[in-house]
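> structure for the following, please:
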Amino acid sequence: MSTILDIFRSPHFSARALTDAVNIVPNLYGRLGELNVFPVRPVPTTYVTIEFKNGVLNLLPTRERGSAGTQGVRGRRNKRVFDIPHIPHDDALLAKDLQNRIAFGSNDVLTPMQDAMTEKLSDMTSKHFITLEHLRISALKGQIVDADGTVIYDLFDEFGVSQKIVDFGLDDVNTDVGTKAAEVTGYMEDNLLGETMTGARALCAPDFFADFIKHPSVKDAYKFYTSQQEPMRNDVRKGFRFKNIVWEEYRGSATYLAGDGSTSTRKFIAPGSAQFYPEGTQQTFTTYIAPPDSVDEVNQAPKPGQLIYAKQERMRFDKGIEVHTESNPLPLCKRPALLVKGVA
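Down below sits the predicted model:
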């Protein structure tokens with residue numbers, strides 16, 4: 001006679017089936033994913049080598065037809081190797097989680113067990129998604145940081161550039177905020193080095209956004225904003241265009257659980273600040289996804305859309321089912337000179 005634990009040996013609970021299931025759970029924690037700032041690129045290695053070249057752009061003189069052309073000047077090439085972070089997260093389905101799930105007299109054992117696993121995977125997946133958003137926003141700020149705030153990569157140091165900070169002076173009614181905004185986009189345009197951009201976006205801490213829209217040099221532009229949104233009636237915190245920058249309020253935050261059991265909440269955008277980045281780029285932002293830490297998957301690039309890997313195993317003494325999940329993402333900005341921090 002088959003037992004409940006035998007059900008978990010079926011193909012419905014294989015590593016491939018669980019991985020497919022975990023990757024269809026909707027991501028409710030990814031504003032940067034919604035904006036597609038960091039397109040996903042699966043790789044078959046646990047590291048990526050970034051070769052960057054300072055592009056050389058110069059005017060080309062005219063020549064008589066049939067004459068030799070000018071010779072291209074190659075930019076200086078440099079390489080950087082980045083290890084891709086490994087983020088495992090384990091949990092379990094215990095006997096109490098499975099107890100009383102099968103209706104009396106029912107012969108359907110599979111569906112209740114699948115439901116239990118789906119609930120567990122959904123909870124575990126949410127933690128991976130908020131972690132990915134945290135990594136992406138930290139990469140957008142130029143320093144990729146771990147859950148405890150430890151810097152994994154300082155992209156400004158890695159690529160040998162300085163961080164640009166613009167003081168908007170929002171506490172001064174005489175500040176010309178439009179000029180400050182032009183300073184941001186002008187700086188980005190000067191540092192494209194062969195990249196393209198169609199505009200810029202500002203992810204603003206709530207207090208920065210509030211001070212920005214009520215500033216005298218912005219207030220009327222906000223009041224009479226003539227997009228499909230109408231600020232006098234609707235909430236436009238998700239996108240107000242001013243001086244070719246889309247300004248939006250960003251409230252992303254997460255709780256960090258320390259080893260001693262204490263918790264702390266971290267705002268992804270610090271109070272009184274905003275993070276600016278270019279939109280419409282071609283190669284600047286990428287999320288690299290490495291293979292999972294499994295013999296079955298070594299040297300194989302994850303399938304498209306496979307951000308998280310899941311596997312289960314029977315516990316000792318039949319106490320339940322251990323559930324293992326992991327993600328292996330590296331969101332990377334390859335031109336950190338294009339990142340600008342704004343302070344109120």
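> which of the helices or strands spans A68?
For A68, there is no host helix or strand (DSSP states H and E).
> how much space is there between it and D220?
58 Å (Cβ to Cβ, to the nearest Å). (Each C-beta comes from the backbone N, C-alpha and C, glycine too.)
> how about K303?
Applying Cβ to Cβ to K303 and D220 gives a distance of 51 Å.
> which stretches of the stretch 1-150 of the chain form strands?
With strands called from DSSP state E, counting those that start in this stretch, the stretch 1-150 of the chain shows them at 40-42, 47-53, 77-83, 87-94, 143-145.
> which one's more surrounded, K303 and D220?
Counted by other Cβ atoms under 10 Å, K303 and D220 do not tie: K303 has more neighbours, with 12 against 9.
> grab the nearest non-local neighbour of the more buried one.
Nearest-residue entry for K303: P42, 7.2 Å, with adjacent residues in sequence omitted and distances by Cβ to Cβ, 6 or more residues apart in numbering.
> let me see the contact set for the one you found.
Y288, I289, A301, P302, K303, P304, Q306 (Cβ atoms under 8 Å, 6 or more residues apart in numbering).
> which of those are buried?
Buried subset of those (neighbour count, 16 or more other Cβ atoms under 10 Å): Y288, I289, A301, P302, Q306.
> distance of the fourth one relative to D260?
Think P302. Distance from P302 to D260, by Cβ to Cβ: 34 Å.
> what's the answer for the last one, then?
Distance from Q306 to D260, counting by Cβ to Cβ: 34 Å.
> next: the first one.
With the distance defined as Cβ to Cβ, Y288 ends up 33 Å from D260.
> and what of the second one?
With the distance defined as Cβ to Cβ, I289 ends up 32 Å from D260.
> and stretch 160-179, how far apart are its ends?
The first residue of stretch 160-179 is 28 Å away from its last residue (Cα to Cα, to the nearest Å).
> should've said stretch 301-314
28 Å.
> report the mean confidence score over it.
Stretch 301-314 comes out with an average pLDDT of 91.
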